[in-house]
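[1] With the input below, show me the fold.
(2 chains)
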Amino acid sequence: MHVVVCVKQVPDSREIRIDPVTNTLIREGVPSIVNVFDLHGVEEAVRIKEQFPGTRVTVVSMGPKSAVAALRECISLGADEAVLVSDRAFAGADTLATSYVLSEAIRKVADQWGPVDLVICGKQTLDGDTGQVGPGIATRLKLEQLTYVERIRQIDPEARRITVERHLEDGVEVVETALPALVTVVEGINQVRRASMPGMLRAVRYEPITWTVDDFPEIDRTRIGLKGSPTVVGKAWVPEPVSRAGETLTGQDGEEGPGTPAEVARQLFDRLLATELPAQIGWAVAPVPAGDGGAGTPDGSPVNGGVA
Amino acid sequence: MAKGKAQEVQVPTDHEGVLIIVEQHGGQAKSVSWQLLGQGRRIADKLGTRLMALVMGHQVEEVAQEAIAYGADVVYLADDPVLEQYRTQPYAHTAVEVIREAKPEICLVGATYTGRDLAGAIATLVETGLTADCTQIDVEPPPSRLLLASRPAMGEKLMATILCKQRRPQMATARPGVFEALPKDPSRQGELVRVPVTIREEEIAARVLEFIRDPNRVNLEDAPVIVAGGMGMGGPEGFEMLRELARLLGGEVGATRPAVDAGWIDRAHQIGQTGQTVRPKLYIACGISGAVQHVVGMEGSQVIVAINQDPDAPIFQVADYRIVGDVHQIVPALIEEARRRALVGEEAVARG
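    Numbers count the residues shown, from 1 in each chain, chains lettered A, B, ... in the order given. Now for the predicted structure:
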């Protein structure tokens, strides 16, 4: 088996803050990490290797030179070889251009180290958050596409079949298909183990293979980088909620002072039941039991106020 | 072999209209599809063009009729046994054939697992721009007619508008729960176009072996009432109260990210930029301070009730009804009152 894992070095989005004064992003000091879903991909590839000795795990990344650190981390986790595709010409790529370059890189990996049986990607990246590069690569390389995989049930290298469990909104879908395939993995697929001592030692002195645009003589230069990217970012802004002119419920209609929780609760239900909510939700509005302390008149409460 | 000079791509002017790809499973359409038809109707009207829908499946003509009732002018219906269950290859193949034939300028897909799987394949096959997981969809009026697809970006702390200026269709996936469906109008007239399915079962490698439904998943998207809790609930026991209140109101339980991170409730309940976007009829925010990351995921709710001890909590700014008080006293009182009012059928007799 030859398994290729696509990884990306990303800024740790949990560390990105907004400057409260200027409303701009504070990028300084934000650490770079391997996209977490990709780490699960590397782990899964290493587990496949443990199951099928002789399996080769090649990690591929497109990014700046500094992504070498991310690739070393993948080596420490047990990957055999790592390739960094890095060139100014590739910069500024959206998902369409990225999946094009990564597919070309995977073709080249196959040329050099043998046919690829399985490509693994994280389900999405932490910075782009699109989940589009995996399907893009699968489509370009005509691989069977299996997204949001939370378990690889079985791989049969002889029959060239793979069975996976896909995580969907309301359950799990079990799909079987042919190899070669591309799988995108969710975080639940495995627990990423710590790097072994030999793995760490190997990673320290490991130099990833670097390919520049010149290593791809056949590549269509109109389809890479910024130029090959159909999407551009227009404006960006910090989201601000629209405020509503609400009513403070004290439980005491028309009077001062806070009421008891029971009075507040009664007042709230009186308000809600006077709106169109019961009809919309399908609440049965029974005759109000004794002890009604309601407002009596339909109030002009600010339903849906201020929302366009 | 590299083409020396970059060829300047012209905006194709022969593409017109808005296409919504409807997602259905077993003849049941996902509500995001009707929400997108609603938003699609709005932008198609703004562009003065037609709204199209694509329904793929097997024996799903009823879904196609529904698409007309929800606002489509034209529905393309690809009805064939190979489309019985969703599989990327036959669905993408069929959708691309329809896109090449219908030539829409905009194509929208629900940002569900299936929708994102499909849209990624389609956009690659037609070599166009695709914006993921949008929470705002608008268009510039003619002549530019540009799709303004906006989505959370940079670790969800910013919103960004993504443009696709030179390729058509302009594609986007849009998040469930964000847009409003039009009222279903069965008397609406529309054109039904049957499209041939040219891919055969022998060409498809994938087999769906089974689907295992998980009863613990929550359907926040379609819940009319959501009772949500934040750090103010104090722990998992607090969420038990909310479950009870939600049950009595016929709703579901939601949560903020910090409450989920604290392990008080499963991530499936998370509402906000990093969780789900919801727009129920009634949203009751309990012990939620109202961080913007949460609020953007629920501010589309029709009526918002907020309960918080801190009178200055930002959640009150988006609330229609504000209750300043301790959730551990107010929520039990609401449960009591909800029981007394017996709003939901089976619970009606719970108390005399």
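
[2] Which residue ranges make up each domain of chain A?
    A:2-223, A:247-301 (automatic domain parsing).

[3] What is the end-to-end distance of the first one?
    The straight-line separation of the ends of domain A:2-223 (Cα to Cα, to the nearest Å) is 27 Å.

[4] Just give me how far it sits from the chain centre.
    12 Å (Cα atoms, centre = their mean, to the nearest Å).

[5] Check stretch B:170-189 too.
    Computed by Cα atoms, centre = their mean, the chain-centroid distance of stretch B:170-189 equals 9 Å.

[6] can you pull the contacts of residue 118?
    No chain specified, so I'll use chain A. Applying Cβ atoms under 8 Å, 6 or more residues apart in numbering or on different chains, we find residue A:118 in contact with A:1-4, A:45, A:48, A:155, A:162, A:179-183. (Glycine included, C-beta is placed from N, CA and C.)

[7] try again with chain B
    Counted by Cβ under 8 Å, 6+ apart, residue B:118 has contacts B:21, B:86, B:88, B:91, B:92, B:95, B:109.

[8] repeat that with 6 Å
    Contact partners of residue B:118, counting by Cβ atoms under 6 Å, 6 or more residues apart in numbering or on different chains, are residue B:91.

[9] what does residue B:256 give?
    If you count contacts by Cβ under 6 Å, 6+ apart, residue B:256 has them with B:230, B:288, B:294.

[10] pLDDT score for residue B:339?
    Per-residue pLDDT puts residue B:339 at 93.

[11] mind putting the contacts of residue A:118 in a markdown table, secondary structure and neighbour count included?
    Shown next, in a markdown table, are these (DSSP: H, G, I helix; E, B strand; the rest coil; neighbours: other Cβ atoms under 10 Å in any protein chain shown):
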| residue | secondary structure | neighbour count |
| --- | --- | --- |
| A:1 | coil | 20 |
| A:2 | strand | 19 |
| A:3 | strand | 26 |
| A:4 | strand | 29 |
| A:45 | helix | 29 |
| A:48 | helix | 19 |
| A:155 | strand | 21 |
| A:162 | strand | 25 |
| A:179 | coil | 19 |
| A:180 | coil | 20 |
| A:181 | strand | 25 |
| A:182 | strand | 26 |
| A:183 | strand | 28 |
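
[12] If you rank the contacts of residue B:256 by neighbours, which is first?
    Within these, residue B:288 tops the neighbour count with 31 neighbours, counted by other Cβ atoms under 10 Å in any protein chain shown.

[13] That residue against residue B:227, yeah?
    No. Taking contacts as Cβ atoms under 6 Å, residue B:288 lies outside contact range of residue B:227: 10.8 Å.

[14] Mind exporting the C-alpha coordinates of the lowest-mean-pLDDT helix or strand in chain B to CSV?
    Every helix and strand in chain B was compared by mean pLDDT, DSSP states H and E; the lowest is helix B:292-295, with a mean of 87. What follows is helix B:292-295, C-alpha atoms only, in CSV (Å, rounded to 0.1, in the frame of the first residue of the first chain):
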residue,chain,number,x,y,z
VAL,B,292,-20.6,37.7,19.8
GLN,B,293,-19.5,34.2,18.6
HIS,B,294,-22.7,32.8,20.2
VAL,B,295,-25.0,35.6,19.3
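
[15] List the contacts of whichever residue of the stretch 101-250 of chain A sits closest to chain B.
    Nearest to chain B in the stretch 101-250 of chain A, going by Cβ to the nearest Cβ, is residue A:135, at a distance of 2.9 Å. Neighbour list for residue A:135: A:145, B:120, B:121 [criterion: Cβ under 6 Å, 6+ apart].

[16] Restricted to strands, list the residues you listed.
    Among the contacts of residue A:135, the members falling in strands (DSSP state E) are residue A:145.

[17] what stretches of the chain score poorly on pLDDT?
    No chain specified, so I'll use chain A. Filtered on pLDDT under 70, chain A yields the residue ranges A:14, A:23-25, A:254-257, A:286-308.

[18] To clarify, I was referring to chain B.
    Chain B contains residues with pLDDT under 70 at B:1-12, B:155-156, B:345-352.

[19] domain ranges for it?
    B:18-203, B:225-349.

[20] where does the stretch 101-250 of chain A come near chain B, residue by residue?
    A:130-132, A:135-136, A:139, A:144-145, A:147-148, A:168, A:170-178, A:218, A:221-222, A:227, A:230-237, A:239, A:241, A:243-244, A:246-249 (Cβ under 6 Å from any Cβ of the partner chain).

[21] Show me which of those are buried.
    Among those, those classed as buried by neighbour count (16 or more other Cβ atoms under 10 Å in any protein chain shown) are A:130-132, A:135-136, A:139, A:144-145, A:147-148, A:168, A:171-177, A:221-222, A:230-231, A:239, A:241, A:244, A:246-247, A:249.

[22] Contacts only, for residue 77.
    I'll assume chain A. Taking Cβ under 6 Å, 6+ apart, one finds A:42, A:195 in contact with residue A:77.

[23] was after chain B, sorry
    Going by Cβ under 6 Å, 6+ apart, the list of residues near residue B:77 reads B:55, B:64, B:194.

[24] which parts of stretch B:320-330 are buried?
    B:320, B:321, B:322, B:323, B:324, B:325, B:327, B:328, B:329, B:330.

[25] and those near chain A, which?
    Answer for the buried residues of stretch B:320-330 near chain A (Cβ under 6 Å from any Cβ): B:320, B:321, B:322, B:323, B:329, B:330.

[26] tell me which element the last one falls in.
    Residue B:330 belongs to helix B:327-341 when assigned by DSSP states H and E.

[27] What helices and strands are in contact with that helix?
    helix A:261-273, helix B:236-249 (3 or more Cβ pairs under 6 Å, 6 or more residues apart in numbering or on different chains; DSSP states H and E).

[28] any chance of the ones you listed in CSV, with distance to residue A:66 and mean neighbour count too?
    Formatted as CSV, these follow (distance: least, Cβ to Cβ, whole Å; neighbours: other Cβ atoms under 10 Å in any protein chain shown):
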stretch, distance to residue A:66, mean neighbour count
helix A:261-273, 55, 22
helix B:236-249, 42, 19
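
[29] closest to residue A:101 out of these?
    The minimum distance between residue A:101 and the helices and strands packed on helix B:327-341 falls on helix B:236-249, with 46.1 Å, by Cβ to Cβ.

[30] The closest one: how far from the chain's middle?
    Worked out by Cα atoms, centre = their mean, helix B:236-249 lies 25 Å from the chain centre.

[31] what's in contact with it?
    Applying Cβ under 6 Å, 6+ apart, the contact partners of helix B:236-249 are B:225, B:227, B:229, B:233, B:252-253, B:264-265, B:331, B:334-335, B:338, B:347.

[32] of all those, which two lie farthest apart?
    B:264 and B:347 (24.6 Å).

[33] Between these two, point out the one with more neighbours.
    Taking other Cβ under 10 Å, residue B:264 and residue B:347 do not tie; residue B:264 has more neighbours (21 against 18).

[34] How about the more buried one, nearest residue that isn't a chain neighbour?
    residue B:236 (4.6 Å; Cβ to Cβ, 6 or more residues apart in numbering or on different chains).

[35] returning to that earlier point: okay, the contacts of helix B:236-249 in JSON lines with distance to residue A:279 next?
    Conversion of the contacts of helix B:236-249 to JSON lines gives the following (distance: Cβ to Cβ, whole Å):
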{"residue": "B:225", "distance to residue A:279": "14"}
{"residue": "B:227", "distance to residue A:279": "20"}
{"residue": "B:229", "distance to residue A:279": "27"}
{"residue": "B:233", "distance to residue A:279": "30"}
{"residue": "B:252", "distance to residue A:279": "20"}
{"residue": "B:253", "distance to residue A:279": "24"}
{"residue": "B:264", "distance to residue A:279": "34"}
{"residue": "B:265", "distance to residue A:279": "30"}
{"residue": "B:331", "distance to residue A:279": "25"}
{"residue": "B:334", "distance to residue A:279": "21"}
{"residue": "B:335", "distance to residue A:279": "23"}
{"residue": "B:338", "distance to residue A:279": "18"}
{"residue": "B:347", "distance to residue A:279": "19"}
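
[36] Fine by me, we can end here.
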